[in-house]
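**Q** what's the 3D shape of this:
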Amino acid sequence: AVTLEAAIIKAHGAGVYVDGAAAVPVARVHAGEAVGEGQVLEHHRHPGAAVGEAASSGVAPPVEVRAGVAAIGQRRAHDAAHALEQAGLMLRLGYQFHWRNRGYRDFDDYLDNFSSRKRKKVRRERRYVREQDIELRVVHGHQASDEQLRVMSEFYRTTFEKKWGYPTLNLAFFRDLATSMGEQLVFFIAYQQRTIVAGAICLRSDDTLYGRHWGCYQDYHSLHFEACFYQGIEFCIERGIEKFDPGTQGEHKLMRGFEPVRSASFHWIADRRFRSAIQQFLEHEKRGVDDYHEVAESYLPFRKDGA
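**A** Numbering: from 1, shown residues only. The predicted structure is shown next:
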């Protein structure tokens with residue numbers, strides 16, 4: 001099947017092919033958070049200049065320059081954005097939804113900041129899980145049994161297949177991850193009568209919990225919210241973790257206290273005709289993204305005075 005994008009490119013006389021791609025299919029994190037400030041890759045010349053030269057000539061940047069671009073992204077966000085745009089890359093803005101720990105004593109203390117109606121809704125969702133005789137357990141990578149790793153790997157695979165995705169990680173990967181990352185790999189595993197029925201896969205740093213994958217054998221009322229959101233929030237509160245990034249997309253996170261956070265990506269387009277058209281689209285899209293923030297915040301559950 002030919003995609004619409006490919007058809008448009010062919011119609012303008014350009015070839016369609018995949019030159020190559022490199023990615024880590026585990027967790028999407030902001031580069032500025034992935035490494036410490038000042039940990040910048042060294043190159044024989046400034047990577048921004050190299051990208052700028054490539055952009056002006058219409059030639060795709062070589063792999064070493066792409067690595068240099070990644071290095072720029074590891075500096076402070078503002079400096080990185082400026083350097084990348086100066087190098088000829090186009091900025092695209094978007095949103096994610098993050099939870100912030102504001103020194104809550106426990107989950108009830110967190111809910112006390114909600115309006116009455118939305119606080120009751122969260123408590124009702126958590127009660128539904130208990131009424132189905134489901135218990136959630138926190139299991140770190142180094143604590144996980146081989147059965148738990150096998151089931152969580154299966155959840156990961158089947159969820160991708162249900163959504164027509166391609167699961168890139170196998171059981172051997174999860175076994176190695178559990179050994180090499182230890183407490184940085186966090187499972188929230190749901191048991192019903194001693195049988196695993198669902199689970200969420202997370203990664204953590206000293207200050208952030210990253211929610212990434214989830215799966216289940218069948219649908220259970222509100223279990224997705226419990227395993228993917230509420231367990232992670234409790235985990236962060238108990239351990240003093242500052243932020244919970246549960247993954248991309250999902251306005252349903254707003255009413256559970258995940259706040260809209262602006263995200264950015266940078267794109268380099270070789271063909272000048274498409275570069276101009278895409279730049280116009282991104283500028284138009286940016287205005288909509290700016291408006292979105294105010295609208296999204298209006299759906300947050302936090303109470304106003306007297307609510």
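**Q** just checking, next helix/strand downstream of the lowest-mean-pLDDT helix or strand in the chain?
**A** Using mean pLDDT, DSSP states H and E, helix 63-72 stands out as the lowest-scoring helix or strand of the chain, at a mean of 35. As assigned by DSSP states H and E, the chain's next helix or strand after helix 63-72 is helix 77-86.
**Q** what's downstream of that next one, the next helix or strand?
**A** Defined by DSSP H and E, the subsequent element after helix 77-86 is strand 90-100.
**Q** quick one: buried residues of the following helix or strand past that next one?
**A** Next in sequence after strand 90-100, counting helices and strands by DSSP H and E, comes helix 107-111. Within helix 107-111, the residues scored as buried using 16 or more other CB atoms under 10 Å are 107, 110, 111. Any C-beta I mention is one placed from the backbone N, CA and C, and that applies to glycine too.
**Q** will you turn the residues you listed into CSV that also has distance to residue 167?
**A** CSV is the format used below for these (distance: CB to CB, whole Å):
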residue, distance to residue 167
107, 32
110, 34
111, 36
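**Q** which one of these sits closest to residue 192?
**A** residue 107 (21.7 Å; CB to CB).
**Q** which residues touch that closest one?
**A** By CB atoms under 8 Å, 6 or more residues apart in numbering, the residues touching residue 107 are 230, 233, 234, 237.
**Q** filter those down to the buried ones.
**A** Looks like the contacts of residue 107 have 230, 233, 234, 237 buried, using 16+ other CB under 10 Å.
**Q** what about residue 163, how many neighbours?
**A** When counting by other CB atoms under 10 Å, one arrives at 7 neighbours for residue 163.
**Q** which pLDDT value goes with it?
**A** Model confidence at residue 163, given as pLDDT, is 81.
**Q** how about it, phi and psi?
**A** For residue 163, the backbone dihedrals (degrees, to the nearest 10) come out as phi -100, psi 20.
**Q** now swap in residue 125 and tell me
**A** Dihedral angles (degrees, to the nearest 10) for residue 125: phi -60, psi -40.
**Q** mind listing the strands for this structure?
**A** Under the criterion DSSP state E, the chain contains strands at 90-100, 134-140, 185-192, 195-204, 208-216, 243-245, 259-267.
**Q** now render those strands as TSV, adding mean pLDDT, mean neighbour count and distance to residue 123.
**A** Formatted as TSV, the strands of the chain follow (pLDDT from 0 to 100; neighbours: other CB atoms under 10 Å; distance: least, CB to CB, whole Å):
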stretch	mean pLDDT	mean neighbour count	distance to residue 123
strand 90-100	91	17	17
strand 134-140	98	16	16
strand 185-192	98	21	18
strand 195-204	97	22	20
strand 208-216	94	20	21
strand 243-245	97	21	19
strand 259-267	88	15	21
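**Q** closest to residue 290 out of those?
**A** strand 90-100 (8.0 Å).
**Q** so how far is the closest one from its chain's centroid?
**A** Distance, stretch centre to chain centre, for strand 90-100: 10 Å (CA atoms, centre = their mean, to the nearest Å).
**Q** contacts for that strand next, please.
**A** Contacts to strand 90-100, defined as CB under 8 Å, 6+ apart, come from residues 81, 84-85, 232-233, 236, 242-248, 250-251, 253-254, 257-269, 275, 278-279, 282, 285-286, 289, 292-293, 296.
**Q** can you count the residues close to residue 276?
**A** Residue 276, neighbours per other CB under 10 Å, totals 11.
**Q** related to what we said a few turns ago, can you list the buried residues of helix 107-111 in a markdown table and add distance to residue 162 and pLDDT?
**A** Below are the buried residues of helix 107-111 laid out as a markdown table (distance: CB to CB, whole Å; pLDDT from 0 to 100):
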| residue | distance to residue 162 | pLDDT |
| --- | --- | --- |
| 107 | 30 | 98 |
| 110 | 32 | 98 |
| 111 | 32 | 98 |
